[in-house]
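> A predicted structure for the sequence below; I have some questions about it.
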Amino acid sequence: MYRPLGITVSRHIMDLQRMHPEATGDLSGLLNELIVAAKTISAEVNMAGLADVLGMSGKTNIQGEEVQKLDEFSNNTIKKRMARCGYVCVMTSEEEDDIIPVSEGYEGKYTLAFDPLDGSSNIDVNVSIGTIFSIHRRKSDDGEPSFGRRSTDSGDEWQSAGDEGGSAEDLLQKGSRQVAAGYIIYGSSTMLVFTTGEGVHGFTLDPSVGEFYLSHPDIKIPGKSKYFSVNEGNYTYWDENMRRYIDYLKEQDLEGGRPYSSRYIGSLVADFHRNLISGGIFLYPKDNKNPAKPSGKLRLLYEAAPLAFVVEQAGGRAITGDGRDILEIEPQELHQRVPLIIGCRYDVDEAEDFLSGKR
Ligand code: AHG
Ligand code: MN
Ligand code: MN
């Protein structure tokens, strides 16, 4: 049940915490720290046209992609703040080759995977970009409630679960084990959209106050779409089933609501957010364009899995197109790429039938 708007995100997080009497506030604390980092990035992104943050930093990351100055700023902002928040034991970022340890004495019981700035190619042309995050409980913590701490062997007194730093193993967990995930989109307004497994809620930043206010309570993605989002420039590199599916969406069948409209902006967060609110299916399938990236371009830990958690909580679905649900994939390495088909359940089911050759 949602009270009238005007609820800040910190209040919303406290309300969620109150639903878990055993909660001690670790996850609340983590989310609130992450939100401070997001506000810092938002202020910088909104000044990008004026301050000297546009353009390339002159470095390339593990993905072999040129790192934009705002990528670097966003990455450092999150890394520095979360390394000393006391709720995280280890992190991974799209911009960092290896795991990011937290500061000694600040080890917490959660892990954080993040894409500090998604849609980098759009930074200099003033198109919406975003930050994506995914939170797990560290493996050494045996599944206590999201807002709680690990109980010790001797009964029910509580101790902080993370006395030592975490490892890659703590990060390499299935998406279905996430305790929270979401994104911030820096667009016409800055919005935070996230889930802790109890629905999806959207908050809009009032920059004059510096507060995120509940603007989209309990978001549900429409059951069926009228938009498809895909980079058709890759058509020639797709397999036959993928081509057949996109051709099908473009055929005229007014009864069936086809042809669909095409919307593709090249920022996953922006394409995903539009589809979440208005309905749509986004596809970044495997292709044979680049032998080094046979599974498509997007990364599992900090792009596909967090958005899959959000979309499933909103009533949608996320698959790879080769028979796997995104949330059930056991990650093998930090920057693992996966094909991503995500959006309205009806459309993802239909796409799966085409991609598996059933249709
Ligand atoms: P990032 O900027 O974090 O590297 O992500 C870019 C991704 C994603 O945002 C978007 O959907 C995709 O790249 C666009 O890729 P193409 O330009 O190949 O379509
Ligand atoms: Mn990205
Ligand atoms: Mn990025």
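Looks like it came in fine. Ligands and ions are numbered 1, 2, ... in the order given.
> shouldn't residue 221 be in contact with residue 317?
No - shown here, residue 221 and residue 317 do not form a contact pair, counting by C-beta atoms under 8 Å, at 9.2 Å. Backbone N, C-alpha and C define where each C-beta goes, glycine included.
> Need the overlap of contacts for those two.
311, 343-345 (C-beta atoms under 8 Å, 6 or more residues apart in numbering).
> which of those residues lies closest to ligand 3?
Closest approach to ligand 3 among these (C-beta to the ion): residue 311, at 19.2 Å.
> Hmm, residue 318 and the closest one touching each other?
Yes - using C-beta under 8 Å, residue 311 is in contact with residue 318, at 5.4 Å.
> shared neighbours of the two, which are they?
Shared contacts of residue 311 and residue 318, counting by C-beta under 8 Å, 6+ apart, come down to residue 342.
> sorry, back to before: neighbour count for residue 221 and residue 317, which is higher?
Per other C-beta atoms under 10 Å, whichever of residue 221 and residue 317 has more neighbours is residue 221, with 26 against 23.
> Wasn't the more buried one part of a helix?
No - counting by DSSP: H, G, I helix; E, B strand; the rest coil, residue 221 falls outside a helix, being coil.
> backbone phi and psi for it, please?
phi -80, psi 140 (degrees, to the nearest 10).
> Tell me which residues touch it, please.
Contacts of residue 221 (C-beta under 8 Å, 6+ apart): 275-277, 279, 311, 314-316, 343-345.
> Quick check: mean pLDDT of stretch 41-57?
Stretch 41-57 carries an average pLDDT of 80.
> hmm, back to that, go through the shared contacts of residue 221 and residue 317 and single out the one with the most neighbours.
residue 343 (30 neighbours).
> quick one: contacts for the closest residue in space to that one that isn't next to it in sequence?
Take residue 343 and drop its neighbours on the chain: the residue closest to it by C-beta to C-beta, 6 or more residues apart in numbering is residue 281, 3.7 Å away. Applying C-beta under 8 Å, 6+ apart to residue 281 gives the contacts 225, 227-229, 275, 341-344, 347-348, 351.
> Could you check how far residue 295 is from ligand 3?
17 Å (C-beta to the ion, to the nearest Å).
> A strand includes that residue, no?
No - using three-state DSSP, the assignment for residue 295 is coil, not a strand.
> since we're on it, how many residues are nearby?
Residue 295 has 18 nearby residues by other C-beta under 10 Å.
> Across the sheet, point out what pairs with the closest residue to it other than its chain neighbours.
In space, residue 295 comes closest to residue 337 once its chain neighbours are excluded; the distance is 4.5 Å by C-beta to C-beta, 6+ apart. Judged by DSSP bridges, the bridge partners of residue 337 are residue 299.
> doesn't residue 298 make contact with residue 337?
Yes - contact status for residue 337 versus residue 298: in contact at 6.3 Å, counting by C-beta under 8 Å.
> Ligand 3 contacts on the stretch 51-200 of the chain?
94, 115, 117-118 (C-beta under 5 Å from the ion).
> can we see that at 6 Å?
Within the stretch 51-200 of the chain, the positions adjacent to ligand 3 are 94, 115, 117-118, 120 by C-beta under 6 Å from the ion.
> Need the CA coordinates for the host helix or strand of residue 132. PDB is fine.
Here residue 132 sits within strand 129-137, counting by DSSP states H and E. Only the C-alpha atoms of strand 129-137 are listed here, as PDB (Å, rounded to 0.1, in the frame of the first residue of the first chain):
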ATOM      1  CA  ILE A 129      23.000   7.600 -19.900                       C
ATOM      2  CA  GLY A 130      22.900   5.600 -16.700                       C
ATOM      3  CA  THR A 131      24.500   3.700 -13.800                       C
ATOM      4  CA  ILE A 132      23.500   0.000 -13.200                       C
ATOM      5  CA  PHE A 133      24.100  -1.900  -9.900                       C
ATOM      6  CA  SER A 134      23.700  -5.400  -8.500                       C
ATOM      7  CA  ILE A 135      23.900  -6.400  -4.900                       C
ATOM      8  CA  HIS A 136      24.400  -9.900  -3.500                       C
ATOM      9  CA  ARG A 137      25.000 -11.200   0.000                       C
END
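> elements contacting it?
helix 26-47, helix 69-83, strand 110-118, strand 178-186, helix 268-278, helix 305-313 (3 or more C-beta pairs under 8 Å, 6 or more residues apart in numbering; DSSP states H and E).
> separation between residue 223 and residue 354?
19 Å (C-beta to C-beta, to the nearest Å).
> Please say which of these two ends up with more neighbours.
Remark: of residue 223 and residue 354, residue 354 carries more neighbours, 20 against 12, as counted by other C-beta under 10 Å.
> For the more buried one, which three-state class applies?
Under three-state DSSP, residue 354 falls in the helix class.
> picking that back up, could you check the angle strand 110-118 makes with the strand holding residue 132?
170 degrees (axes from the mean of the first three to the mean of the last three C-alpha atoms, to 10 degrees).
> Each with direction, which strands does strand 129-137 pair with?
Short version: by DSSP bridges, strand 129-137 pairs with strand 110-118 (antiparallel), strand 178-186 (antiparallel).
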